[in-house]
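Generate coordinates for the sequence data below:
(one chain, ligands or ions: 3)
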Amino acid sequence: MLVTGKEILVPAREGKYGVPAFNTNNMEITQAIIHTAEKLEAPVMVQMSEGAIKYGGQDLANIVKDMAQRAKIPVALHLDHGSSYESALKAIAMGFTSVMIDASHHDFEENIRETKRVVEAAHAMGISVEAELGRLGGIEEHVIVDEKDAFLTDPEEAVQFIEQTGTDYLAIAIGTSHGAYKGKGRPFIDHERIEKIASMTTIPLVAHGSSGVPKEITDRFRTAGGEIGEAAGIADEDLTRAVQHGIAKVNVDTDLRLAASVGVREAFMSNPKEFDPRKWMGPARDVMSEIVAHKLKVLGAAGKA
Ligand SMILES: O=C(COP(=O)(O)O)N(O)CCCCO
Ligand code: NA
Ligand SMILES: [Zn+2]
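Ligands and ions are numbered 1, 2, ... in the order given. Purely as a prediction, here's the structure:
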């Protein structure tokens, strides 16, 4: 069933498990997410960035909403990295049940002002809101945050921010970053910071940039002709620890992108004569489903629907 993000994430924080929020851009990605979560009896969040909305629009949103409504497990449709009040309201008009207003690149007061505006409008329509405080490293769709400006979330500021905005859940910067190159080797995750923020707050916390970039997938990607440098992601054990301490929503996009690309590349490599789209979109869906299943188990969402 299609539900709000709050209905999925409040139980997750209370139950000390995480719910993955996977980005989608088409039918097969959406099927891999929702059908696999159904199989594992897990709640799940499907998110669309502003780029995905540009790419698939209401057509794609309708695929997600219809599949979610018919699903036996709770599913929210979430706007990822909404960059403005207008963008958040447009997503709500499209039927999204959860929206992020990402004003983390503004100063503290401006972030509060912008977030508060979206919270008031979204709550008037029964829709949940995610905000962000602190800056991830790496490239965020509309802001390139170079290392020196990347800053981690201050616990005291987080308490004030939540009180002054009324946001339903909060994305915090704790060492993760977007993309396939999260640092040399195992990225440092600031567990003390997560645990301090969790001890001072009660709302679900969100970890962005949480793809694992598993070696098995990057090896297959290279073997199938893909080119990827020294890629590194977040270790499973860092995620299992984080969801014990307040992280309830865990954003994953890169892992599905890599999995889909492995599926397609392997299909083309193994049969150059093939020209039926189902023969490469199907394998892409299968590899993505493996990634979805793994994440649902690592985060403890399996069986929680
Ligand atoms: O936090 C994430 C996903 O992070 P990751 O790149 O680790 O999958 N997202 O918000 C998905 C969109 C990232 C920019 O396109
Ligand atoms: Na941000
Ligand atoms: Zn993100």
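
Any idea how far the strand or helix carrying Ala293 is from the middle of the chain?
According to DSSP states H and E, Ala293 maps onto helix 278-299. Offset of helix 278-299 from its chain centre (C-alpha atoms, centre = their mean, to the nearest Å): 16 Å.

Please apply the same query to stretch 298-305.
On C-alpha atoms, centre = their mean, the centre of stretch 298-305 falls 16 Å from the chain's centre.

hmm, it touching ligand 1?
No - judged by C-beta under 6 Å from any ligand atom, stretch 298-305 stays clear of ligand 1, getting no closer than 13.7 Å. Yep, even glycine has a C-beta here, placed from its N, CA and C like the rest.

residues making contact with that stretch?
Stretch 298-305 is contacted from outside by 11-12, 15-20, 37, 40-44, 72-74, 236, 239-240, 243, 250, 296, using C-beta atoms under 8 Å, 6 or more residues apart in numbering.

let's go with 7 Å and repeat that
Stretch 298-305 is contacted by residues 15, 17-20, 40-43, 73-74, 236, 239-240, 243, 250, 296 when judged by C-beta atoms under 7 Å, 6 or more residues apart in numbering.

hang on, the earlier thing: for the helix holding Ala293, list the C-alpha coordinates in CSV.
Provided in CSV are the C-alpha atoms of helix 278-299 (Å, rounded to 0.1, in the frame of the first residue of the first chain):
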residue,chain,number,x,y,z
ARG,A,278,13.7,-7.5,-22.6
LYS,A,279,16.8,-9.6,-22.9
TRP,A,280,18.9,-6.8,-21.3
MET,A,281,16.3,-5.0,-19.2
GLY,A,282,15.4,-8.3,-17.6
PRO,A,283,18.9,-9.2,-16.5
ALA,A,284,19.3,-5.6,-15.3
ARG,A,285,16.2,-6.1,-13.1
ASP,A,286,17.6,-9.4,-11.8
VAL,A,287,20.9,-8.0,-10.7
MET,A,288,19.2,-5.0,-9.1
SER,A,289,16.9,-7.4,-7.2
GLU,A,290,19.9,-9.1,-5.6
ILE,A,291,21.2,-5.7,-4.4
VAL,A,292,17.7,-4.8,-3.0
ALA,A,293,17.5,-8.1,-1.2
HIS,A,294,20.9,-7.7,0.3
LYS,A,295,20.3,-4.2,1.6
LEU,A,296,16.9,-5.1,3.1
LYS,A,297,18.6,-7.9,5.1
VAL,A,298,21.6,-5.8,6.1
LEU,A,299,19.4,-3.0,7.4
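
mind checking pLDDT for Thr176?
Looking at Thr176, its pLDDT stands at 93.

tell me which element Val250 is part of?
Using DSSP H and E, Val250 sits in strand 247-252.

Give me the distance between that strand and the centre of its chain.
In terms of C-alpha atoms, centre = their mean, the centre of strand 247-252 is found 6 Å from the chain centre.

how far off helix 278-299 does that strand point, in degrees?
Strand 247-252 runs at 150 degrees relative to helix 278-299, counting by axes from the mean of the first three to the mean of the last three C-alpha atoms, to 10 degrees.

What pairs with strand 247-252, parallel or antiparallel?
The strands that strand 247-252 pairs with in its sheet are strand 19-23 (parallel), strand 205-207 (parallel) (by DSSP bridges).

which residue sits closest to Lys39, ignoring its sequence neighbours?
Nearest non-adjacent residue to Lys39, counting by C-beta to C-beta, 6 or more residues apart in numbering: Ala293, 7.5 Å away.

on that earlier part again, and the contacts of stretch 298-305, which are buried?
The neighbour-count test (16 or more other C-beta atoms under 10 Å) marks 17-20, 40, 42-43, 73-74, 239, 243, 250, 296 as buried among those.

ok so, going back, the strand holding Val250 close to ligand 2?
No - using C-beta under 5 Å from the ion, we find that strand 247-252 stays clear of ligand 2, coming within 11.1 Å at best.

what's the answer for stretch 75-91, then?
No - Stretch 75-91 does not reach ligand 2 (C-beta under 5 Å from the ion); its nearest approach is 6.5 Å.

Mind listing residues that contact that stretch?
So stretch 75-91 is contacted by 2-5, 8, 21, 23, 34, 44-50, 61, 64-65, 68, 95-102, 114, 117-118, 121-122, 140-142 (C-beta under 7 Å, 6+ apart).
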